[in-house]
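# how does the following fold in three dimensions:
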Amino acid sequence: MAKPHTSSDHLAAVQLLLCCTLLVAFAAPAATAASAPAPSPAKVNMTWDVEYILWAPDCQQRVMVGINGRFPGPTITARAGDVVRVTVNNKLHTEGLVIHWHGMRQVGTPWADGTASISQCAINPGDSFTYEFVADKPGTFFYHGHFGMQRAAGLYGSLIVNATAAQDEPYRRDYDGGELNVLLSDWYHENVYAQAAGLERKDKHFEWIGEPQTILINGRGQHECMLGKVTRYHRGIDRYAKTCVRGKEAKLCRDEERCLRRSECGPYCPESQCAPVVFDVEPGKTYRLRIASTTTLSALNLQVQGHELTVVEADGNPVEPFKVTDIDIYSGESYSVLLTTNQKPTFYRPGAFWITVGVRGRHPKTLPATAVLRYTNSKFDWPGSAPPQTPAWDDIDHSKSFTYRIKALKNNATTKTRPPTSAAVNRTIVMLNTQTMVGGHVRWAINNVSLALPATPYLGAYHYGLQGSAFDAAGEAPDGVPEGYNVSRPPGENEGYAARLSDRVYELPHGALVDVVLQNADMMREKASETHPWHLHGHDFWVLGYGEGRYDAGKDMARLNMDDPPLRNTVVVLPHGWTALRFVADNTGAWAFHCHIEPHLHMGMGAVFVEGVEKMRELKVPREAMMCGVISTSAAVVTPAAPRTPAPAPAP
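The predicted structure is shown next:
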C-alpha cells in the first residue's frame, strides 16, 4: 500500500522546486519574447439546462425548447484555438437530445459532433453530457439540436469564433464600426411532434408541414401584423396583412398577465419577447454583419434598405469580396457582409432603414420579417417608408447569380485555395436525390435508399467492433445514379426504380480524396424539383461547380472550377441541376452528410461517411457517449476493437 502524502512532504517538495528554479534562473540566459512559450488555449465553460419553456417569439405564446429558460440559446463567443466546454443537462423529461456545433470540424473529438445515432447516444432525460472541443477556426457559426426535429422546436443559438491576433482575418481592417449578429430562423405554431406525425402517416394520409407562420430575426418576429407599411406586395402573400398598431401598447404593457407573464402584449412593449430588433449604428462607419440561417424549411433573402453589402465570408471561410444589394441564404449557411453607414437622412429615410428578410424558392405564405438599422444621428426611431420587396420567390436566375459569384479569396495565406487535382481523386460518389414511396410512406432517397438510423451510434459500433450487429454492414450504401435513370421524370415513371430503407454507410480510407456529385431530379410530380442545402459534418469542402440536367462526367468534369472554388460546409443543389464538391477524408470518425431542411432529413434525405476505420480504436471515445443500442448489452465493450490491417494509402 502506498504511503499517504503528508504536509511536510508537500513543504519539502515546494522548497526543492524553489531551489531548482533559482538555480535555473541564474544559470540560464534570460528568455527572449520570441522564445516565450505560446499561451495555453483559453477555455470557454458553460452549463446549460435544456427544458421546455413558454415563449412568444412572434407575439403568440407556444411551448418551445429553450436553454436556461430563454430563447434563442446563449451566444457562444470564443477565439480560434479555445477549448469550448458545455455541460448539457437534459430537463426535457420525455425525450433525449443532442447538440450539434455546426461548422466545428471536431478533429480528434468526433463524439462531440452532436448527431444522435451517428456520433453519440442521445442524452437521456435527467442525464447530463459534457461537450468539449476546440473552436478550430474563426468564422460565423451556430449550434442546434440534432435529435428528432428539436431544431424546429427552438433549440439553437449563435456560435462566434474570433481570429487570434496571430491569425487575423483578411477583411478585419475593412470595418471599424463593430459587428452585428443576425440569426435567421422560421417558426411554426404547430408543434414538432404533430409535424413529425404528419410526415410519418401512410399513403394519402401524409401531411406536409406547410409554410411557416413567421420568419424570425434573432428569435423575434410578428405574426399578426407587420412593423412597416403594408403594400400590395405584402397583401399578395397574405391578403389579411396589416400594420402593427402603435399607441395601444401603453395599455397592453400595463396588462401584467399578458405582458409580463405571457409576453403577448405586442411588439412595441419593452418587455415583449417579440419586440422589434433594432441595430443602432454610427454614421460613416463600416460594420460586419454576421448572418446565419438555422431555418427548418425556408430559403431566405436578406437586404438592408438603401445599403450595399460586400460579401467577405462564407461558412467560416474568406471569399473574394463582391458587392450585392441582397443575399440569398439557405438553411445551414452563414455569411459575413460589410455594410457602410453612408446614407444621408431624407424625408422618407430619416436615418432609419429596414432590414427585410423574405422567403425564396417556395411560393411564400409567410410575410417578410423586418428589423431596423438606425443611425445614432437619426431624428426618428422608425423608417418612414414601406419595407422593400424581396426578389420574386421563383426568380431562380437571381439565386444562381449570387451563388455562382462566391469564390475563394485570392492569395489567402490561411486557406488553401486550389484543391488537389482531379487525377488524385480516389473515389467519386454520385448521389441522386429523389422523393418516393417506401412501404406506403413518403420518403426522400439517395440512389434508391432512404436513410434509417440505427439504435447504436456508428462511431461506437466501429470503435468496439460491433458493426455486424449494430447495423447492416454487409455492404456499402449505393454509389451512383442507376443506369438509364431519367432525372427529368418522376421516380414512378422510371422503369425498375424501387426505393428501400437502409442504414448502410460509405467507408472511406483515411486521407482519401473524395468527389461527391449531388444530382437533383423530379419529385413525385412531373416538372417539380426543389432546392436542397446539403451540410457535411466534420469537414469543409471545395465547391467545384454547378450545372443543369444530369451530370455527365465526360463533359462536365472539364468545366469544374479548379482555380478558386470556395470552401464551404453547406452547399445548395438547385432545381433540376447538380452540384459537385471535393473533400479530403482526413478526419477519423462517423460524419453525417444530409439535407439541412429539417423535414427532409426526417424523411431520410441523408448519408453517413465513416472515415479511417483502421484508426477508430485510437480514439479516446467517452463510454458515456456510446452506452446505448447493442453496445449497452455487449460484453465486447470492455475494450475497443482490435485494429484492422491499415488500408493502403490513397494513390497520389
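# so where do the strands sit in the stretch 501-650 of the chain?
For the stretch 501-650 of the chain, the strands defined by DSSP state E, counting those that start in this stretch occupy 506-508, 512-519, 532-536, 541-548, 567-568, 570-573, 577-585, 589-595, 606-611.
# report the angle between the second one and strand 577-585.
Yep, that's strand 512-519 we're talking about. 160 degrees (axes from the mean of the first three to the mean of the last three CA atoms, to 10 degrees).
# so what are the sheet partners of strand 512-519 and their directions?
strand 427-438 (parallel), strand 577-585 (antiparallel) (DSSP bridges).
# show me where the stretch 101-250 of the chain has its helices.
192-199, 232-237, 249-253 (DSSP state H, counting those that start in this stretch).
# so where's the stretch 101-250 of the chain uncertain?
Applying pLDDT under 70 to the stretch 101-250 of the chain picks out residues 247-250.
# now stretch 316-323, how far from the centre of its chain.
Its chain's average C-alpha position is 18 Å from that of stretch 316-323, according to CA atoms, centre = their mean, to the nearest Å.
# okay, buried residues for that stretch please.
316-321 (16 or more other CB atoms under 10 Å). The way it works is simple: take the backbone N, C-alpha and C, and place the C-beta from them, glycine included.
# specify which member of those is nearest to residue 409.
residue 318 (4.1 Å; CB to CB).
# now the closest one: closest residue in space that isn't a chain neighbour?
Spatially, and ignoring its direct neighbours in sequence, residue 318 is nearest to residue 409 (4.1 Å; CB to CB, 6 or more residues apart in numbering).
# same thing with residue 420?
residue 513 (5.4 Å).
# what's the neighbour count on the one you found?
Neighbours of residue 513 under the rule other CB atoms under 10 Å: 23.
# pull the contacting residues for it.
420, 424-427, 582-585, 650 (CB atoms under 8 Å, 6 or more residues apart in numbering).
# quick one: residues contacting the residue nearest to residue 318.
170, 318-321, 415, 417.
# how close does residue 382 get to residue 600?
Going from residue 382 to residue 600 by CB to CB, to the nearest Å gives 38 Å.
# same drill for those two, tell me which one is more crowded.
When residue 382 and residue 600 are compared for neighbours, residue 600 comes out ahead with 23 against 15, by other CB under 10 Å.
# a markdown table for the strands of the stretch 501-650 of the chain, including mean pLDDT and distance to residue 631?
Converted to a markdown table, the strands of the stretch 501-650 of the chain look like this (pLDDT from 0 to 100; distance: least, CB to CB, whole Å):
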| stretch | mean pLDDT | distance to residue 631 |
| --- | --- | --- |
| strand 506-508 | 97 | 19 |
| strand 512-519 | 97 | 27 |
| strand 532-536 | 98 | 26 |
| strand 541-548 | 97 | 30 |
| strand 567-568 | 98 | 34 |
| strand 570-573 | 98 | 31 |
| strand 577-585 | 97 | 24 |
| strand 589-595 | 98 | 14 |
| strand 606-611 | 98 | 16 |
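# ok, which of those comes nearest residue 266?
Smallest distance to residue 266 across the strands of the stretch 501-650 of the chain (CB to CB): 33.9 Å, for strand 532-536.
# give me the sheet partners of that closest one and which way each runs.
Sheet pairing here is set by DSSP bridges, and for strand 532-536 it gives strand 570-573 (antiparallel), strand 589-595 (antiparallel).
# turn the strands paired with strand 512-519 into CSV, including distance to residue 375.
Converted to CSV, these look like this (distance: least, CB to CB, whole Å):
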stretch, distance to residue 375
strand 427-438, 45
strand 577-585, 40
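# any idea which of the ones you listed is most buried?
strand 577-585 (a mean of 24; mean count of other CB atoms under 10 Å).
# and that one, how far out from the chain's middle?
With CA atoms, centre = their mean, you get 18 Å for strand 577-585.
# what does stretch 79-89 give?
Centroid separation for stretch 79-89 versus its chain: 17 Å, with CA atoms, centre = their mean.
# how far away is residue 559 from residue 547?
Residue 559 is 8 Å from residue 547, by CB to CB.
# tell me which of those two has more neighbours.
residue 547 (18 against 10).
# which residues are in contact with that one?
Neighbouring residues of residue 547 by CB under 8 Å, 6+ apart: 556, 577-578, 580.
# how about it: what's its closest non-neighbour residue?
Sequence neighbours aside, residue 578 is the residue nearest to residue 547 in space, at 5.1 Å (criterion: CB to CB, 6+ apart).
# what of residue 574?
Closest to residue 574 by CB to CB, 6+ apart is residue 531, at 5.7 Å.
# how many residues are close by that neighbour?
Around residue 531 there are 20 residues (other CB under 10 Å).
# just checking, it touches residue 577?
No: Residue 531 is beyond contact range of residue 577, at 9.3 Å (criterion: CB atoms under 8 Å).
# okay, and the common contacts of these two?
Here residue 531 and residue 577 share no contacting residue, scored by CB under 8 Å, 6+ apart.
# quick one on the thing from earlier: out of the strands paired with strand 512-519, which comes closest to residue 121?
Per CB to CB, nearest to residue 121 of these: strand 577-585, 24.4 Å.
# now the angle from that closest one to strand 606-611?
20 degrees.
# okay, how far is it across stretch 214-224, tip to tip?
9 Å (CA to CA, to the nearest Å).
# what lies in contact with it?
By CB under 8 Å, 6+ apart, the residues outside stretch 214-224 that reach it are 57-60, 71-72, 181-187, 189, 213, 242, 244, 267, 273-277, 298, 300, 355, 357-359, 366-371.
# swap the cut-off to 7 Å and go again
57-60, 71-72, 182-187, 213, 244, 267, 274-275, 277, 298, 300, 357, 366, 368-369, 371 (CB atoms under 7 Å, 6 or more residues apart in numbering).
# ok, now which ones touch residue 469?
Contact analysis of residue 469 by CB under 7 Å, 6+ apart lists residue 630.
# is it in a helix, a strand, or coil?
Of the three states, residue 469 takes helix under DSSP: H, G, I helix; E, B strand; the rest coil.
# on that earlier part again, for the contacts of residue 513, give me JSON lines that also has distance to residue 605.
Listed next are the contacts of residue 513 as JSON lines, based on distance: CB to CB, whole Å:
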{"residue": "420", "distance to residue 605": "28"}
{"residue": "424", "distance to residue 605": "30"}
{"residue": "425", "distance to residue 605": "25"}
{"residue": "426", "distance to residue 605": "25"}
{"residue": "427", "distance to residue 605": "21"}
{"residue": "582", "distance to residue 605": "21"}
{"residue": "583", "distance to residue 605": "19"}
{"residue": "584", "distance to residue 605": "24"}
{"residue": "585", "distance to residue 605": "21"}
{"residue": "650", "distance to residue 605": "29"}
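# please report how far residue 365 lies from residue 390.
Residue 365 is 14 Å from residue 390, by CB to CB.
# with that, I have no additional questions.
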